[in-house]
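**Q** fold the following and give me the result.
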Amino acid sequence: MGHQAGRIGEPLREQSRGIDLIGDVHGCAISLCLLLDRLGYRRINGVYQHPERRAVFIGDIVDRGPHIREALHIVRAMVDAGHADIIMGNHEYNLLCYLTPTPDGEGFLRAHTARHQRILQQTLDQFAGHEHELQEYLDWFLDMPLFIETERFRAVHACWHQELIDRLLREHGSNRIDRDFLVRSAREGSFEWEVIDRLLRGTHLRLPDNEVIVSKDGFKRHFFRTKFWAEAPQRLADVVFQPDPLPEHIARRPLTDSQRNDLLYYGPDEKLLFMGHYWCEGTPAPLTDNIACLDFSAVKYGKLVAYRLDDETVLRPERFVWVDVAREVGRMDGELQG
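**A** Got it, this is the predicted structure:
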């Protein structure tokens, strides 16, 4: 699985051919094969490829799903062969931190709590007996860019924060992190932590009055995810962006000045922006004329979604392509086992 010439997203080669941006896979390898087939990609010598297009994966290939190793094999082969690019998702980052010891050797960069273990358990189980392979993937994750920007579009897993990105490029000189950056990013409040938190996890607000909501996957949350494209929002309901609704008495509350200051705004004159992360539901469509979320809860039997980008400057609903994800049972075809 040696990494071939041309680092991930270095920078994305923009040729005349189209770009297919693909949302969070989360181990749904069978659905990924079906989606690539629907997009016109064919497997030649074990690698999915298209004669005129290239794919961009928005991160979160790992965790939760039934065929995580197989999904990684498919995506890594495409990237290595020059038929795809990929950016880091928060689940790649979390796995990397969970398995990276702290410099003093007394623990790991991500605490081994029951909650963290639960989220990563499928990945750990499926790599049991393949620890060397898992380490190779961890090295690959570290080489993933946090974002991609071209003349036509931007791609980031959760949120485009121009000020942080500008500072990152100015001070770090790259859209990639290294091991020192990774270590510093584990310290809450550091610049490195803020970069990861915003770009890979998005924006959020704390629930007022120390209230707690329980998400559909059973986690108790003190924060809720927020839009970064809401123009002149007035109430908390105007900025919430997650499948779990806010309780009505919270949703009606007006935004405070402090909350407004915590919100970002990605305006309509910015480049086309593609992201994942947010567990959307329903029929895929643009959020705005220039923002698309491609995460439609595939691993929860939603949709695995792509957007077929050609030369348009305004996003078009008919450019979304998806497969409805059935329960992925059984083993993958032997050729995908790797």
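**Q** Val214: neighbour count?
**A** Neighbourhood size, Val214 [other CB atoms under 10 Å]: 10. Backbone N, C-alpha and C define where each C-beta goes, glycine included.
**Q** for it, give me phi and psi.
**A** Dihedral pair for Val214: phi -100, psi 120, per degrees, to the nearest 10.
**Q** could you do Phe224 as well?
**A** With angles defined as degrees, to the nearest 10, Phe224 sits at phi -130, psi 150.
**Q** same check, this time on Lys220
**A** Main-chain torsions, Lys220, degrees, to the nearest 10: phi -80, psi 130.
**Q** without its sequence neighbours, what residue ends up closest to it?
**A** Once flanking residues are discounted, Lys220 sits nearest to Val212: 5.1 Å by CB to CB, 6 or more residues apart in numbering.
**Q** can you tell me how far that neighbour sits from Asp238?
**A** Plainly put, Val212 is 22 Å away from Asp238 if you go by CB to CB, to the nearest Å.
**Q** between these two, which is the more surrounded one?
**A** A count of neighbours by other CB under 10 Å puts Asp238 above the other of Val212 and Asp238, at 15 against 8.
**Q** which residue packs closest to that one, ignoring adjacent ones?
**A** Spatially, and ignoring its direct neighbours in sequence, Asp238 is nearest to Ala230 (5.6 Å; CB to CB, 6+ apart).
**Q** flag the shaky bits of the stretch 101-250 of the chain, pLDDT-wise.
**A** 216-218 (pLDDT under 70).
**Q** and the helices in it?
**A** Assigned by DSSP state H, counting those that start in this stretch, the stretch 101-250 of the chain shows helices spanning 114-126, 131-142, 162-171, 179-185, 191-196, 248-251.
**Q** the fourth one packs against which elements?
**A** It refers to helix 179-185. Contacts defined by 3 or more CB pairs under 8 Å, 6 or more residues apart in numbering; DSSP states H and E place helix 179-185 against helix 90-98, helix 191-196.
**Q** same check, this time on the first one
**A** With contacts taken as 3+ CB pairs under 8 Å, 6+ apart, helix 114-126 sits against helix 68-80, helix 90-98.
**Q** can you check what angle separates it from helix 68-80?
**A** 80 degrees (axes from the mean of the first three to the mean of the last three CA atoms, to 10 degrees).
**Q** excluding chain neighbours, what is closest to Leu34?
**A** Among residues not flanking Leu34 along the chain, Val323 sits closest, at 4.6 Å (CB to CB, 6+ apart).
**Q** give me the pLDDT for Met1.
**A** Note on Met1: pLDDT of 36.
**Q** run a quick neighbour tally on the nearest residue to His112 once chain neighbours are set aside.
**A** Distances taken as CB to CB, 6+ apart place Tyr98 nearest to His112, at 7.1 Å, with adjacent residues excluded. Neighbour count of Tyr98, defined by other CB under 10 Å: 20.
**Q** my read: Tyr98 touches Gly107, true?
**A** No: taking contacts as CB atoms under 8 Å, Tyr98 lies outside contact range of Gly107: 10.8 Å.
**Q** what are the phi and psi values for the nearest residue to His26 once chain neighbours are set aside?
**A** Closest residue to His26 in three dimensions, ignoring its sequence neighbours and counting by CB to CB, 6+ apart: Val299, at 3.8 Å. Here is the backbone geometry of Val299 (degrees, to the nearest 10): phi -70, psi -10.
**Q** enumerate every residue touching Val299.
**A** For Val299, the contact set (CB atoms under 8 Å, 6 or more residues apart in numbering) comprises Asp24, His26, Gly27, Cys28, Arg64, Gly65, Val325.
**Q** of the residues you listed, keep whichever come out buried.
**A** Taking 16 or more other CB atoms under 10 Å as the criterion, what is buried in these is Asp24, His26, Gly27, Cys28, Arg64, Gly65, Val325.
**Q** just give me the closest of those residues to Gln122.
**A** Nearest to Gln122 among the buried ones among the contacts of Val299: Arg64, at 5.6 Å, using CB to CB.
**Q** ok, the closest one touching Ala71?
**A** No: the pair Arg64 / Ala71 is not scored as a contact, 10.9 Å apart, by CB under 8 Å.
**Q** overlap of the contact sets of these two?
**A** Common contacts of Arg64 and Ala71, defined by CB under 8 Å, 6+ apart, comprise His26, Gly27.
**Q** quick check: most distant residue from the centroid of this structure.
**A** His249 (31.2 Å; CA atoms, centre = their mean).
**Q** partner residues bridging Thr203?
**A** With DSSP bridges applied, Thr203 shows beta-bridge pairing to Thr226.
**Q** isn't it up against Leu263?
**A** Yes: counting by CB under 8 Å, Thr203 does reach Leu263; the two are 6.5 Å apart.
**Q** which one's more surrounded, those two?
**A** Shown here are Thr203 and Leu263; by other CB under 10 Å, Thr203 has more neighbours (19 against 16).
**Q** contacts only, for that one.
**A** Going by CB under 8 Å, 6+ apart, Thr203 touches Cys159, Arg225, Thr226, Lys227, Phe228, Asp262, Leu263, Leu264.
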